[in-house]
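> sequence and predicted model, in that order:
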Amino acid sequence: MTVETNSPYFTKEHNALRAQAKEFANRVLAPAAAEIDRTETFPQEIVDQMAQLGYFGLRIPTTYGGKGLDMRSYVCVMEELAKKCATATLYVSSANSLSTAPLVFNGTEPQKRAWIPGVVDGTRKITFALTEPGAGSDAASLRTTAVQDGDNYILNGTKCFITFAPLAVHHIVYAKTDPDKGAKGITAFLVDRDMPGVIVGDHLEKMGQRGVPVSDLILQNVRVPKQRIIGEKNLGFINAMKTLSVGRIGVASMCLGLMGEALDLAVEHLKGRQQFGKTLSKNQALRFTVAEMATKVKAAQELVYHAAWRMDQGENADMEASMAKLYAAETGIEVVNKALQMFGGYGYARGYAIERIYRDIRVCAIYEGSSEVQKIVIAGNLFGKTANTAKQMDTPAAHPITGQRKRMMLNDGTLEERAAQLAGALKGEGYDFSLEAPIDTPVSQADRLVSAGRGIGEQANMRLIAELAQAAGAAISGSKPAAESLGFISKDRFVGMTGQKFNGSLYIACGISGASPHLEGIKTAKTIVAINIDPSAPIFEACDYGIVADAAEFLPLLTAALRQA
C-alpha cells in the first residue's frame, strides 16, 4: 500500500529516503528473501550494502558515525524494507535501537566513541540481553545477578531469546545489583563475548524471521569491570524501558510494511485469479474484505506516523508508541491472515511470499513487549500505575523454569562418599535400581533418563553414560549440542523445548549446563539430578540434587553406588 508523497508527516527528504529504500528492497532484498528464509542465513554482501547506505546509523548522532536522522526517517526505511524481507529490518532496528539506544541515552562519552561506530559501519553487533526464562513480559523479575568484587562485578545468570547473540561482539546485559529493590536494583553492563564465563547457546530455530540467529546467553562468574556499567548503578531498568519505546516504533513500522505488502499481493492475486467464470476481484464479499483490510492498514499507518512525529518533536510518546505497536501488530496479523486466505491452497505453500509474510509477522505481537504488555503501558498512562502493578515491579524473582526444587548440593566428602549420598537419597525417594530398562527406550516413553551434555568431555565418555543408564534402569538422551553439534547421540533423542519432552520421574543431567530450552523439556520431571564441573551452571538452579564434579570422574563412582543401592 503506497504512502502518499503529500502526507503531512513527511518532508521531501523523508520521501526521497523512502524511495531509495524501496528501490533497494525491490532490487536486492526481493530476489534474496526466499533463500534467506530457507537457509536461515543473511548474506554478508547485503549487510555491507545496507551499511554503505547508512541504514545502521539512521538515528545515530553524526558524532559517532551515524546520519543523525529523525524517527520518521527510520520509519520510512523500516516500512519499505519489511515489504520485501522482514529479516533485513531486524538488522536495521537492532543497530538503531536495541544495540545502541542504551549507550546513546546513558553511556559515557568514551563508551559511545568506542562501541557505537562499529555498529554503524556493520562490523560490530551488540545484543540487548534483558529477557530471561522466568522474566519475559515481567522483565523486572529477572534473576541475573551482579555482585561487586572490588573494581569488578561478577555476573551470573541466563538470558534467552537474545537476537544476534551468536554473531555479537558485545552484549548489553541487565543484572540485579541490589536484588531486594526489584526494578530499582537493576544495572546495565556491557559484556564482551570473549570474557571468560560467557557462553552463547545454540541457535534457536524459529517459525519466522529466520535469517537472524537467536539463542541463550549464559553468564557464569563473568568478571566485568565497573567501568562497563552503562549509566548509573541501579538505574538500568529505566534505561531498558526508554530503549524499548524506540524499539516498539521499529516493530510497528515493520508491521506496516508486512501488512501493506500482503494487501498488495492479495489485490494482484484477486485481479488475476478466475473462479466461476470471472476474476475474484469482482466478488463483492472479497472486495468488501479488501476494503476493510485497506482501512485498517491506513489506520495503523496513522498511529505509527503520529507516534514517530511526537518523538521527533521531543514529546513523551511512550503511550503512543505502545498504541502503535499494539495496533500495528494485531491488525497486521489479521490483515496478513485474510490475505493468505484469498490465495487458497497456494497461500499455504512454501515458496509463496504471502506464506513467508504470514510466519514473519506473527512474532511482532510478542517481542519488544507483547500486546498484553502494551495494554498495561497504555492503561498505566490513562489511569496511573496501580498499587498491584507497582508491587509486582519490585517483587523478587520467580522460581526457575523447573519450578520449586530441593537444590540439595552434595559437595561434602570425597567423590565416592558423595556418590553414595546421592544413591542413598534417590533410594530414599523410592527409586528401585534393581529394575532394568532398554537404554534406547523412546524419550517420550522413558520413566528415567541419563542425559549427556558437552561437559562429559570426549565422545568416548558416552560409554560412561551407557553404564550409568544401565545401573539406573534408564534410557539415554542428551542436550541439543550433544546431538547436533557433537554427534554424541542421535538427533531424535535430545531433550529440550525444540526436541523431546521428558515426562518421567528421574532425570540425571551429566555435563549439561542448563540452557533454558533444555530446562523447558525437563520441567515436569519428578526428580532432577545435576552433575557439572561448573558450580555456577544454571542447571543447579533447577535441580533437586547437585554434584559439582568432573562428570568423567564422577559417573563411574555413581554407577557403582547405584548398583550397590
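Now that the structure is in, tell me what you want to look at.
> check what pLDDT the residue nearest to A183 when sequence neighbours are not counted gets.
Distances taken as CB to CB, 6 or more residues apart in numbering place A140 nearest to A183, at 3.8 Å, with adjacent residues excluded. Using the backbone N, CA and C atoms, a C-beta is placed for each residue, glycine as well. The confidence metric pLDDT takes the value 83 at A140.
> what does T5 give?
T5 carries a pLDDT value of 71.
> the closest residue to it other than its chain neighbours: which element?
Nearest residue to T5, sequence neighbours excluded (CB to CB, 6+ apart): N15, at 5.1 Å. Per DSSP states H and E, N15 falls inside helix 12-24.
> export that helix to PDB, keeping only CA atoms.
Output of helix 12-24 as PDB, limited to C-alpha atoms (Å, rounded to 0.1, in the frame of the first residue of the first chain):
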ATOM      1  CA  LYS A  12      10.700  15.900   0.700                       C
ATOM      2  CA  GLU A  13      13.800  14.500   2.400                       C
ATOM      3  CA  HIS A  14      11.700  11.700   4.000                       C
ATOM      4  CA  ASN A  15      10.100  10.800   0.700                       C
ATOM      5  CA  ALA A  16      13.400  10.700  -1.000                       C
ATOM      6  CA  LEU A  17      14.800   8.300   1.600                       C
ATOM      7  CA  ARG A  18      11.700   6.200   1.300                       C
ATOM      8  CA  ALA A  19      12.100   6.000  -2.400                       C
ATOM      9  CA  GLN A  20      15.700   4.900  -2.000                       C
ATOM     10  CA  ALA A  21      14.800   2.200   0.400                       C
ATOM     11  CA  LYS A  22      12.000   1.000  -1.800                       C
ATOM     12  CA  GLU A  23      14.400   0.700  -4.800                       C
ATOM     13  CA  PHE A  24      16.900  -1.200  -2.700                       C
END
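> and D544, what does it touch?
R405, K406, R407, M408, T527, I528, V529 (CB atoms under 8 Å, 6 or more residues apart in numbering).
> inside strands: which ones of the residues you listed?
M408, T527, I528, V529 (DSSP state E).
> residue contacts, the most centrally placed residue in the chain?
Nearest to the mean C-alpha position of the chain, by CA atoms, centre = their mean, lies F161 at 1.9 Å. Shown in contact with F161 (CB under 8 Å, 6+ apart): T131, G136, L204, V214, Y367.
> check Y352 too.
F343, Y346.
> P213 and L167 touch, don't they?
Yes: assessed by CB atoms under 8 Å, P213 is found in contact with L167 at 6.1 Å.
> neighbour count for the two, which is higher?
Between P213 and L167, P213 has the larger neighbour count (other CB atoms under 10 Å), namely 21 against 16.
> if we can go back for a sec, got phi/psi on the residue nearest to A183?
Taking degrees, to the nearest 10, you get phi -70, psi -10 for the backbone angles of A140.
> you'd agree it is up against I186?
Yes: in this structure A140 lies within contact range of I186 using CB under 8 Å: 7.2 Å.
> phi, psi for L244 please.
Per degrees, to the nearest 10, the backbone of L244 is at phi -70, psi -30.
> list the contacts for it?
E368, G369.
> mind doing that once more with 10 Å?
If you count contacts by CB atoms under 10 Å, 6 or more residues apart in numbering, L244 has them with 97-98, 101, 128, 130, 139, 251, 318, 321-322, 325, 368-369, 373, 377.
> tell me the buried residues in the helix holding N15?
Neighbour counts over helix 12-24 (16 or more other CB atoms under 10 Å) mark H14, N15, L17, R18, Q20, A21, K22, F24 as buried.
> who touches the last one in this structure?
When contacts are counted by CB under 10 Å, 6+ apart, F24 touches A30, I46, Q49, M50, L53, Y55, V77, E80, L81, K84, A88.
> cool, the fifth one as well?
Residues in contact with Q20 (CB under 10 Å, 6+ apart) are L53, G54, Y55, C76, V77, E80.
> any chance of these in CSV, plus pLDDT?
Conversion of those to CSV gives the following (pLDDT from 0 to 100):
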residue, pLDDT
L53, 97
G54, 97
Y55, 98
C76, 97
V77, 98
E80, 98
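> which of the residues you listed sit farthest apart?
Using CB to CB, the contacts of Q20 reach their maximum pairwise distance at G54 and E80, which is 14.4 Å.
> looking at the two, which is more packed in?
Just comparing G54 and E80: by other CB under 10 Å the higher neighbour count belongs to E80, 28 against 18.
> separation between the residue at the greatest distance from the centre of the chain and A266?
When each C-alpha in the chain is compared with the mean C-alpha position (CA atoms, centre = their mean), G277 comes out farthest, at 48.4 Å. Going from G277 to A266 by CB to CB, to the nearest Å gives 21 Å.
> again, but for D447
On the measure of CB to CB, D447 and A266 end up 51 Å apart.
> so for those two, which residue has more residues nearby?
A266 (27 against 17).
> now do the SS call for the more buried one.
Following DSSP: H, G, I helix; E, B strand; the rest coil, the label given to A266 is helix.
> contacts only, for it.
280-281, 286, 289-290, 293-294, 335-336, 338-343, 347, 354.
> I'd guessed V297 sits against V335; true?
Yes: with contact defined as CB atoms under 10 Å, V297 counts as touching V335 (6.2 Å).
> which neighbours do the two share?
What both V297 and V335 touch, as defined by CB under 10 Å, 6+ apart, is the set M1, C255, M259, G260, A262, L263.
> and of these, the nearest to T39?
Nearest to T39 among the shared contacts of V297 and V335, counting by CB to CB, is A262 at 23.2 Å.
> that closest one contacts A294, doesn't it?
No: the pair A262 / A294 is not scored as a contact, 11.1 Å apart, by CB under 10 Å.
> these two - which one has more neighbours?
The neighbour comparison of A262 against A294 (other CB under 10 Å) goes to A262, with 29 against 17.
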